[in-house]
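Visitor: Here is a sequence together with a model predicted from it:
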Amino acid sequence: MALKNKSIYAILGILNLSPCSGYDIKKYSDKVLSGFWNENFGHIYPTLKMMLRDGMIEIVSREKNERKIKYGITEKGKKELEAWLLEETVQQPMRSEFLLKLLFSNSQPREQVIHMLENYKKLHEKNLEKYLEMQTNIEQGNQDISKERVSFVKAVLRRGIISSEAVIRWCDETIEELS
């Protein structure tokens, strides 16, 4: 079975909210999706080109210099997104370079491993801070999120908060165990 380009669905989902440029899609990905999904410019633009060719999206506006093109979702794109949303989700295996390194770090100086854990903890503390800020914005009635979507955004955000808190706690426990 051929692998599906799941970026298509991230982009369709974003465009289903509002027409966007490739830059806007990247910005939304970095701000909202970054806790669980990653998109980069090198992947967004070829995917947009393919989706345009396949009729899932259309150009809705273009600036004079032709560098900023806004795309919108078509009916075909909406049907594709809806069909995908109804499909069974295939569980993806977790891949963590950090955990792989930690697993094989027994030959490394403890101080170095603890330093690695402290850096990992700091990363998750920053993520938690970002999630909590987003949660505050939602609770204060962020105008960018429609009332219909608030519960779904809150659910995904809550998962990020709980996950970050768990990783931070795990880092503390592991550092203590190694000290």
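Guide: Perfect, I can see it now.

Visitor: Strands along this protein, start to end?
Guide: Taking DSSP state E, the strands of the chain run over residues 57-62, 69-73.

Visitor: Make TSV from these and add mean neighbour count and distance to residue 97 to it.
Guide: The way it works is simple: take the backbone N, C-alpha and C, and place the C-beta from them, glycine included. Shown next, in TSV, are the strands of the chain (neighbours: other C-beta atoms under 10 Å; distance: least, C-beta to C-beta, whole Å):
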stretch	mean neighbour count	distance to residue 97
strand 57-62	15	34
strand 69-73	20	33
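
Visitor: now the ones you listed in TSV, with mean pLDDT and distance to residue 129?
Guide: Formatted as TSV, the strands of the chain follow (pLDDT from 0 to 100; distance: least, C-beta to C-beta, whole Å):
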stretch	mean pLDDT	distance to residue 129
strand 57-62	88	34
strand 69-73	93	32
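
Visitor: Pipe those strands into JSON lines and attach distance to residue 135 per row.
Guide: JSON lines is the format used below for the strands of the chain (distance: least, C-beta to C-beta, whole Å):
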{"stretch": "strand 57-62", "distance to residue 135": "31"}
{"stretch": "strand 69-73", "distance to residue 135": "28"}
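
Visitor: Domain-wise, how is this protein divided?
Guide: Here the domain assignment for the chain is 7-86, 97-178, based on automatic domain parsing.

Visitor: for the shortest one, how far is the first residue from the last?
Guide: Length of domain 7-86, first residue to last, C-alpha to C-alpha, to the nearest Å: 17 Å.

Visitor: Equivalent analysis for the longest one, please.
Guide: The first and last residues of domain 97-178 sit 20 Å apart, counting by C-alpha to C-alpha.

Visitor: circling back: mind checking which of the strands of the chain is nearest residue 14?
Guide: Closest to residue 14 of the strands of the chain, according to C-beta to C-beta: strand 69-73, at 9.0 Å.

Visitor: where along this protein do the helices fall?
Guide: With DSSP state H, the ranges of helices along the chain come out as 7-17, 22-28, 41-53, 75-86, 97-103, 110-139, 147-178.

Visitor: Please name the residues that touch residue 147.
Guide: Contact analysis of residue 147 by C-beta atoms under 8 Å, 6 or more residues apart in numbering lists nothing.
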